[in-house]
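I would like the atomic coordinates for the input below:
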Amino acid sequence: MRPISEVLRLAAQGRSRREIGIISTGLAKTSVHRYLERAQQAGVSWPLPADLDETALEARLFLAGELRGEPRSTWRSGTQGRPWRDPPLRPRQQVHRA
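Numbering: from 1, shown residues only. I've put the predicted structure just below:
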């Protein structure tokens, strides 16, 4: 489980993201920032509502695939498994020396 409620509680106490991450929860400060940003976008703050447990909090902040730890795919279909097409090869221009 992600320590989202702990991050929200410590942020409400005015602790820095570095302090919340490294010292208190063992998370990277970028993860702490991401949790706080998602909570703000979802309108969730500390203290949490009584009906919002850790599972419901994760469901509100993350997409279903992200809950399972699956990365979001940026790959487009039809490109043989690559997110972009390689540029076509052009023949090298001949340099004529006199």
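
got the contact list for the strand or helix carrying Ser31?
Here Ser31, judged by DSSP states H and E, is contained in helix 29-42. In this structure, residues lying in contact with helix 29-42 by C-beta atoms under 8 Å, 6 or more residues apart in numbering are 2, 4, 7-8, 11, 17-18, 20-22, 25, 45, 60-62. All C-beta spots, glycine's among them, are computed from the backbone N, C-alpha and C.

Which members of these occur in helices, if any?
Ile4, Val7, Leu8, Ala11, Arg17, Arg18, Arg60, Leu61 (DSSP state H).

what's the farthest-apart pair in these?
Pairwise distances across those peak at 25.6 Å for Arg18 and Arg60 (criterion: C-beta to C-beta).

first to last residue in stretch 10-30, what's the distance?
End-to-end distance for stretch 10-30: 15 Å, by C-alpha to C-alpha, to the nearest Å.

rewinding a little: check the contacts of helix 29-42 for burial and list the buried ones.
Neighbour-count burial (16 or more other C-beta atoms under 10 Å) applied to the contacts of helix 29-42 gives Arg2, Ile4, Val7, Leu8, Ala11, Arg17, Ile20, Gly21, Thr25, Leu61, Phe62.

Would you mind writing the CA trace of stretch 14-27 as PDB?
Extracted in PDB, the C-alpha atoms of stretch 14-27 (Å, rounded to 0.1, in the frame of the first residue of the first chain):
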ATOM      1  CA  GLY A  14       3.800  22.000   7.300                       C
ATOM      2  CA  ARG A  15       6.600  19.600   6.800                       C
ATOM      3  CA  SER A  16       8.800  19.900   3.700                       C
ATOM      4  CA  ARG A  17       8.500  17.400   0.800                       C
ATOM      5  CA  ARG A  18      12.100  16.300   1.500                       C
ATOM      6  CA  GLU A  19      11.300  15.800   5.200                       C
ATOM      7  CA  ILE A  20       8.100  13.900   4.400                       C
ATOM      8  CA  GLY A  21       9.800  11.700   1.800                       C
ATOM      9  CA  ILE A  22      13.300  10.900   3.000                       C
ATOM     10  CA  ILE A  23      12.900  11.100   6.700                       C
ATOM     11  CA  SER A  24       9.300  10.100   7.500                       C
ATOM     12  CA  THR A  25       8.100   7.800   4.800                       C
ATOM     13  CA  GLY A  26      11.200   6.700   2.800                       C
ATOM     14  CA  LEU A  27       9.700   8.000  -0.500                       C
END
